[in-house]
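Q: starting from these lines, generate the structure:
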Amino acid sequence: MPRFSANLGFLWNELSLPDAIIVAAKAGFDAVECHWPYEYSTQAVNAALENAKLRMIGFNTRLGVNGTDDFGVAAMPGREQEARSYIDEAIAYAVEIGSRNVNVVAGKTGGTKEAEAVYQRNLAYACSKAAIHGKTILIEPINQRDAPLYHLSFIEAAIETVKAVGAGNLKVMFDCYHTQIMQGDLTERLRATLQYVGHVQIAAVPDRGEPDRGEVNYPYLLAALDDMGWDGYVGAEYKPRGMTDEGLDWMNAYRS
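A: Numbering: from 1, shown residues only. Below is the predicted model of the structure:
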């Protein structure tokens with residue numbers, strides 16, 4: 001049976017991050033993750049994690065000075081200093097709260113060769129810094145419908161980046177929502193690439209709501225993932241159609 005991590009960037013996002021951590025534990029999640037924790041002190045987050053008896057398994061580097069217009073800067077030529085400051089910040093935060101993963105957000109580059117070269121250099125820097133502390137760096141393909149011009153949109157392209165960087169602590173975030181939109185064939189794609197995957201996330205397609213309807217059969221997919229030997233967490237990174245607590249039947253079905 002999968003172990004589920006609540007992505008608190010979307011779930012209970014009306015609450016502060018420390019409060020959402022407590023609520024996620026009460027709802028039965030096995031871990032938590034988020035998008036950007038930086039407005040909260042590591043002391044406050046650690047206190048909530050200790051109280052909840054949960055682990056924070058990952059979060060993102062900052063989007064950039066232009067926010068969603070940037071959608072990350074790690075692959076943006078000319079912004080290497082900014083990118084590395086975000087990487088340093090994220091790794092330091094991860095060390096303080098015991099998070100295992102940092103997702104380095106690439107940015108909207110159009111996928112140029114120059115941008116990819118910058119990305120690989122920044123990822124090599126991130127992996128070197130993270131390895132000192134036993135942390136993993138993640139990269140995530142994101143669909144072009146939600147984030148036009150995002151640098152990385154295909155699983156196979158992400159794996160090529162991983163191979164080019166050549167660091168043992170660089171892995172791919174396999175987000176089933178993004179990958180279904182761009183490529184589909186999720187079961188076989190997971191089977192073919194699982195050795196490169198550091199985290200899996202789920203949401204319904206096309207509405208990105210609870211993973212209980214839409215075009216992806218998650219009971220089938222998650223059972224297949226179990227059969228493949230996946231022993232990591234599955235991140236619930238969906239946008240609740242109503243209040244978060246009202247939409248947890250999908251997870252309760254696995255528990256029963």
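Q: can you tell me the SS state at the closest residue to Leu15 other than its chain neighbours?
A: Take Leu15 and drop its neighbours on the chain: the residue closest to it by Cβ to Cβ, 6 or more residues apart in numbering is Val23, 6.5 Å away. C-betas here are computed from N, CA, C, even on glycine. Assigned with DSSP: H, G, I helix; E, B strand; the rest coil, Val23 falls in the helix class.
Q: ok, Val23 touching Trp12?
A: Yes: using Cβ atoms under 8 Å, Val23 is in contact with Trp12, at 5.3 Å.
Q: ok, now how distant is Asn12 from Arg208?
A: Wrong residue type there; residue 12 is Trp, not Asn. 16 Å (Cβ to Cβ, to the nearest Å).
Q: now do Asp175
A: 10 Å.
Q: need the contact list for the nearest residue to Thr179 once chain neighbours are set aside.
A: Counting by Cβ to Cβ, 6+ apart, Thr179 lies nearest to Ile155, which is 5.9 Å off, once chain neighbours are set aside. By Cβ atoms under 8 Å, 6 or more residues apart in numbering, Ile155 lies in contact with Pro141, Val172, Phe174, Thr179, Gln183, Arg189, Thr193.
Q: which parts of the stretch 101-250 of the chain are helices?
A: When secondary structure is read from DSSP state H, counting those that start in this stretch, the stretch 101-250 of the chain shows helices at 113-131, 155-165, 176-182, 186-193, 218-227, 249-255.
Q: quick one: closest of those to Gly58.
A: Closest to Gly58 of the helices of the stretch 101-250 of the chain is helix 113-131 (Cβ to Cβ; 11.8 Å).
Q: next, the angle from the closest one to helix 155-165.
A: 70 degrees (axes from the mean of the first three to the mean of the last three Cα atoms, to 10 degrees).
Q: could I get helix 113-131 in PDB with only the CA atoms?
A: Listed next in PDB are the C-alpha coordinates belonging to helix 113-131 (Å, rounded to 0.1, in the frame of the first residue of the first chain):
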ATOM      1  CA  LYS A 113      20.500  24.500 -25.600                       C
ATOM      2  CA  GLU A 114      22.000  27.500 -23.800                       C
ATOM      3  CA  ALA A 115      19.500  27.200 -21.000                       C
ATOM      4  CA  GLU A 116      20.100  23.500 -20.700                       C
ATOM      5  CA  ALA A 117      23.800  24.100 -20.300                       C
ATOM      6  CA  VAL A 118      23.100  26.600 -17.600                       C
ATOM      7  CA  TYR A 119      20.700  24.200 -15.900                       C
ATOM      8  CA  GLN A 120      23.200  21.400 -15.900                       C
ATOM      9  CA  ARG A 121      25.900  23.600 -14.300                       C
ATOM     10  CA  ASN A 122      23.500  24.800 -11.700                       C
ATOM     11  CA  LEU A 123      22.300  21.300 -10.900                       C
ATOM     12  CA  ALA A 124      25.900  20.100 -10.600                       C
ATOM     13  CA  TYR A 125      26.500  22.900  -8.100                       C
ATOM     14  CA  ALA A 126      23.300  21.900  -6.200                       C
ATOM     15  CA  CYS A 127      24.100  18.200  -6.100                       C
ATOM     16  CA  SER A 128      27.600  18.900  -4.800                       C
ATOM     17  CA  LYS A 129      26.300  21.100  -2.000                       C
ATOM     18  CA  ALA A 130      23.400  18.700  -1.200                       C
ATOM     19  CA  ALA A 131      25.700  15.700  -1.100                       C
END
